[in-house]
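Undergrad: prediction below, plus the sequence it came from.
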Amino acid sequence: MSMQLRASPHLHSGRDVPTIMRHVVYALLPICAFSVWQYGLSSLALIVTVTLSCLAAERISNKLSGTVNTLSDWSATITGVLLALTLPPAFPLWMGAVAGFAAVWLGKSLFGGLGHNPFNPALVGRAFVQAAFPTAITTWAPAFTAHRFTEFIPSSLTLPLMQPNDISSWVASNMVDGFTGATPLARWKFEHFVYPVQDMITGAASASTGETSALLLMVCGLYLIARKFMDWRIPVAVVGSALILALAFRVFGGDEYPPAHLVLLSGGLMLGALFMATDMATSPVSPRAVWAYGAIIGTVTIMIRYFGGLTEGVMYAILFGNALAPLLDKYLQPNVFGARKK
Amino acid sequence: MSGEQPIHVVPPVNSLRMVRTLMLVTSLCGGLIVAVWQITLPAIATNKKVVLERSVRALIPNASQIVEYDASAQGVTAAKGDPADGAVRFYAAYDKNGTLDAIAAEGGARGYTDTVRVLYGYRHDCECIFGIQVTQMRETPGIGDKIITDPAFLKNFERLDVSLTPDLKSLFNVVKTVKHSTKQFGWEIDAIAGATITSKAVGRGINDSAQRLLPMLVPHLEVVKQKGGAQ
Amino acid sequence: MSSQPLQASNMEELLEGIWKQNPVFVMALGMCPALAVTVSAFNALGMGLATTFVLICSCTLISMLRRFIPREVRIATYIVIIATFVTLVDYIIQAVSLALYEALGAFIQLIVVNCIILGRVESHAAKNPPLSAMVNALGMGIGFTIGLLALGGVREIFGAGQLFGISLFGQNFQPWVVMVLPPGGFFVLGLWLLFFAWLAKRKEARHGA
């Protein structure tokens, strides 16, 4: 008779990393579909290019480090799709590929692969290209152009290493009414212009590929929350703290500060709060730490948007939160059952 | 590895020997520095002059002769060596006929990475600054260095009001960099979006320099017009 | 000690600094100038040559004076001598090229506190005859220059699309701004260190087999 001695846990819920990751991909698919409907070929090509470059980077680092093939855990796919969704639709494809490699190599492989990375890889990739190509990453293209399913935005097909092709004549030829090339946040910052809510929901406002419809993002996020693939506290804390601050500034600071709905619906707040801040490897575990983590991200976002030089601050806020996550977990541990504070 | 190396034998500390060695070494080094300084001085002076003249010429294309002056509380004198305490160096540019065309001076203020230094051109008939040349900056490429190229930003300096108060003691309005697209007055500089700190450094550098220079220069403008003190 | 066969050991001494003990890639010394001034190959070369000059001169002079310098004041003496040569370099660079002088900025004066120099002086020049000290300093200087050039070259190629000011990709090249910013310095240094670590590991594996 043989006896097996095993350490806990003894029960497995049947969920493993690939399952969770696969469902995140499912939740992202409607967002991708919406962006393709908005921007057409360019958006599709960007998502495919960035994802493939992430997978290639993952495969190469597997080979170099002599570890097992980790393509099948879906994490590189998610990194790629999320990264593509944070880039502007007119972003040159070659820069998208650079972002993909930077995301997987700088953001994940260097730290030892999935689970060892302190920062969200997709955001590391975006931060890299934002620092490298500051102009291209703030060049926005209009949505719903007439020939979007048959032609690319000219800058998408820029030759590698070259400056993005000029899109001004393409914008003019498409006769897009009132297109200013500025995001709702930028238009508030520089002109105090309040974007119509309807444009920010239907995707008509200038924005990154995947952040155009706050409503759709929320629905997809709710699916993951309902299936318990995501810690609901994080998005609630991020959005909640941002909302409270935005309301407070608006009430006490007056018209100098943007209305609260603009803060919630514009930019990458929803995308970041639902899909990036919730990354399991880079967010804290204990409930109190999670609340603090979300609140820090929301607060830093508002601080950067209101008082910083940049118009959008979600990316740096989340990276900042990621950096603090281990510390928060350390200092905000749950009380041990039965133990008493002295 | 025996007694050959004094390092391994700990001798009794002899202060006289230490003092003697240090004095010997320092005088040797002092001599070396003075010698090289003497040799390189003319080359450095020519180099600096060439660089400066290039910037002044870029600012004032009509300049055929450039004379250096120092303005101080005592008046305006031809420049000699480094400017004295409280004095401000400026450059008077004369055209082909020898009439004063414009005046250039340098101002600097801390930017994002390092001091941003700009040479600005001043004309008395409009009491304004009519152009700038960035002479030193190490700002972020692609962001801060737009102060050199951004046409909208450079337009600020085509006629920047630096008129003096009636008693000629200070500028009537402080030259100030304001937030992007909020410029209202002739003495305001519209900052570049995303490069506010660098834009502000340019404004502060010009203001600090003009606040000191112009009250000392304007009362003695005649001296400069007649090339007073110049050989 | 002085009667050792000079030829062979001198060659080794030279290679020591260039390859085996490369100050940038192996010892990771002098990181401040290595990261700060290497935005272009020209700056890197200027900084490397300036440091090499100071290294050779200080090491040779200190080696000649090594018997006269009392132990108690040796660091003070070394620093005075190093500072002297740094001041000389400072003047010479100003006389040769003001553009280079402005690009290198305060880092020329900071050669004084570059730990490569004091390290070489203390661990080698103070114990060896002038010729050997000079050769060792030359090797270290070349090694440092190569290190800076490796950083500056890569950063200039990506950050400006050129090498030594010669355009490589034509007018339309998109500069990678991050490469001329401080993070770019760290990225490139990290990649080079990775590369050298990989070389070392491969060599080890071969010797083991």
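TA: That came in fine, so what should we check first? Numbers count the residues shown, from 1 in each chain, chains lettered A, B, ... in the order given.
Undergrad: got any ranges where chain C has weak pLDDT?
TA: C:1-8, C:209 (pLDDT under 70).
Undergrad: can you give me the strands in chain C?
TA: For chain C, applying DSSP state E gives strands covering C:162-163, C:166-167.
Undergrad: can you redo these as TSV with mean neighbour count and distance to chain A?
TA: C-betas here are computed from N, CA, C, even on glycine. Output for those, formatted as TSV (neighbours: other Cβ atoms under 10 Å in any protein chain shown; distance: least, Cβ to the nearest Cβ, whole Å):
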stretch	mean neighbour count	distance to chain A
strand C:162-163	16	13
strand C:166-167	10	12
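Undergrad: would you turn the ones you listed into TSV with distance to residue C:136?
TA: Output for the strands of chain C, formatted as TSV (distance: least, Cβ to Cβ, whole Å):
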stretch	distance to residue C:136
strand C:162-163	30
strand C:166-167	34
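Undergrad: helices or strands up against the longest strand anywhere in chain B?
TA: In chain B, with assignment by DSSP E, the single longest strand is strand B:100-110. Applying 3 or more Cβ pairs under 8 Å, 6 or more residues apart in numbering or on different chains; DSSP states H and E, we find strand B:100-110 packed against helix B:15-59, strand B:88-94, strand B:115-123, strand B:128-136, helix B:196-217, helix B:221-225.
Undergrad: picking that back up, looking at the strands of chain C, which is nearest to residue C:198?
TA: strand C:162-163 (24.2 Å; Cβ to Cβ).
Undergrad: got a list of contacts for that closest one?
TA: With Cβ atoms under 8 Å, 6 or more residues apart in numbering or on different chains as the test, strand C:162-163 has contacts from C:41, C:153, C:156, C:157, C:168.
Undergrad: select only the buried ones of those in PyMOL?
TA: Filtering these down to the buried ones (16 or more other Cβ atoms under 10 Å in any protein chain shown) takes a single PyMOL command:
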select buried, chain C and resi 41+153+156+157
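Undergrad: which residues are contacting the host helix or strand of residue A:270?
TA: Assigned by DSSP states H and E, residue A:270 falls within helix A:269-271. Here helix A:269-271 makes contact (Cβ under 8 Å, 6+ apart) with A:85-86, A:208, A:210-211, A:214, A:217-218, A:221, A:238-239, A:242, A:263-264, A:301, A:314.
Undergrad: looking at neighbours, which among these is most surrounded?
TA: Highest neighbour count within those, by other Cβ atoms under 10 Å in any protein chain shown: residue A:301, with 32 neighbours.
Undergrad: ignoring the adjacent residues along the chain, who's closest to that one?
TA: The shortest distance from residue A:301 to any non-neighbouring residue, by Cβ to Cβ, 6 or more residues apart in numbering or on different chains, is to residue A:317 (4.2 Å).
Undergrad: now for the one you found, how many residues are close by?
TA: Residues near residue A:317, counting by other Cβ under 10 Å: 29.
Undergrad: helix, strand, or coil at it?
TA: helix (DSSP: H, G, I helix; E, B strand; the rest coil).
Undergrad: for the helices and strands packed on strand B:100-110, which one sits closest to chain A?
TA: Chain A lies closest to helix B:196-217 among the helices and strands packed on strand B:100-110, at 6.1 Å (Cβ to the nearest Cβ).
Undergrad: quick one: which of the strands of chain C is nearest residue C:194?
TA: Residue C:194 lies closest to strand C:162-163 among the strands of chain C, at 22.0 Å (Cβ to Cβ).
Undergrad: count of neighbours near residue 48?
TA: In the absence of a named chain, this looks at chain A. Neighbours of residue A:48 under the rule other Cβ under 10 Å: 16.
Undergrad: not what I meant, chain C
TA: Counted with other Cβ under 10 Å, residue C:48 comes out at 25.
Undergrad: touching, it and residue C:151? I think so.
TA: No. When contacts are counted by Cβ atoms under 8 Å, residue C:48 is not listed as touching residue C:151 (10.3 Å).
Undergrad: tell me the pLDDT at the residue most central in space within chain B?
TA: By Cα atoms, centre = their mean, chain B has its centre lying nearest to residue B:106, at 3.8 Å. In this model, residue B:106 is scored at 91, pLDDT.
Undergrad: check contacts around it.
TA: B:89, B:117, B:118, B:119, B:120, B:135, B:209.
Undergrad: check the residues you listed against chain A, which are close?
TA: The subset of the contacts of residue B:106 within reach of chain A, by Cβ under 8 Å from any Cβ of the partner chain, is empty.
Undergrad: and residue C:114, how far is that from residue C:154?
TA: Look at residue C:114 and residue C:154: by Cβ to Cβ, to the nearest Å, they are 22 Å apart.
Undergrad: looking at those two, which is more packed in?
TA: Taking neighbours as other Cβ under 10 Å, residue C:114 and residue C:154 compare with residue C:114 leading, 25 against 20.
Undergrad: looking at the stretch 151-300 of chain A, which residue is nearest chain B?
TA: Checked against chain B (Cβ to the nearest Cβ), the nearest residue in the stretch 151-300 of chain A is residue A:190, 5.9 Å away.
Undergrad: in this structure residue B:36 contacts residue C:89, no?
TA: No. Checked against Cβ under 8 Å, the pair residue B:36 and residue C:89 is beyond contact range at 9.3 Å.
Undergrad: of those two, who's got more company?
TA: Using other Cβ under 10 Å as the criterion, residue B:36 and residue C:89 rank with residue C:89 on top: 22 against 19.
Undergrad: residue contacts, that one?
TA: C:50, C:53, C:54, C:108, C:111.
Undergrad: distance check, the spatially closest residue to it that is not a sequence neighbour against chain B.
TA: Leaving aside its sequence neighbours, residue C:89 sits nearest to residue C:50 (Cβ to Cβ, 6+ apart; 4.7 Å). Computed as Cβ to the nearest Cβ, to the nearest Å, the residue C:50 to chain B distance reads 14 Å.
Undergrad: just checking, residue C:50 touches residue C:109?
TA: No. Checked against Cβ under 8 Å, the pair residue C:50 and residue C:109 is beyond contact range at 10.7 Å.
Undergrad: any idea which residue of chain C lies closest to chain A?
TA: Closest to chain A within chain C is residue C:178: 3.8 Å, counting by Cβ to the nearest Cβ.
Undergrad: right, and that residue touches residue A:132 too?
TA: Yes. Counting by Cβ under 8 Å, residue C:178 does reach residue A:132; the two are 4.1 Å apart.
Undergrad: close to chain B: what parts of chain A are there?
TA: Residues of chain A lying close to chain B (Cβ under 8 Å from any Cβ) are A:134, A:135, A:190, A:191, A:309, A:310.
Undergrad: show me what contacts the residue of the stretch 201-342 of chain A found nearest chain C?
TA: Scanning the stretch 201-342 of chain A for proximity to chain C using Cβ to the nearest Cβ identifies residue A:319 as nearest, at 13.0 Å. Applying Cβ under 8 Å, 6+ apart to residue A:319 gives the contacts A:119, A:120, A:123, A:124, A:127.
Undergrad: what's the closest of the residues you listed to residue C:17?
TA: Nearest to residue C:17 among the contacts of residue A:319 is residue A:124, at 36.3 Å by Cβ to Cβ.
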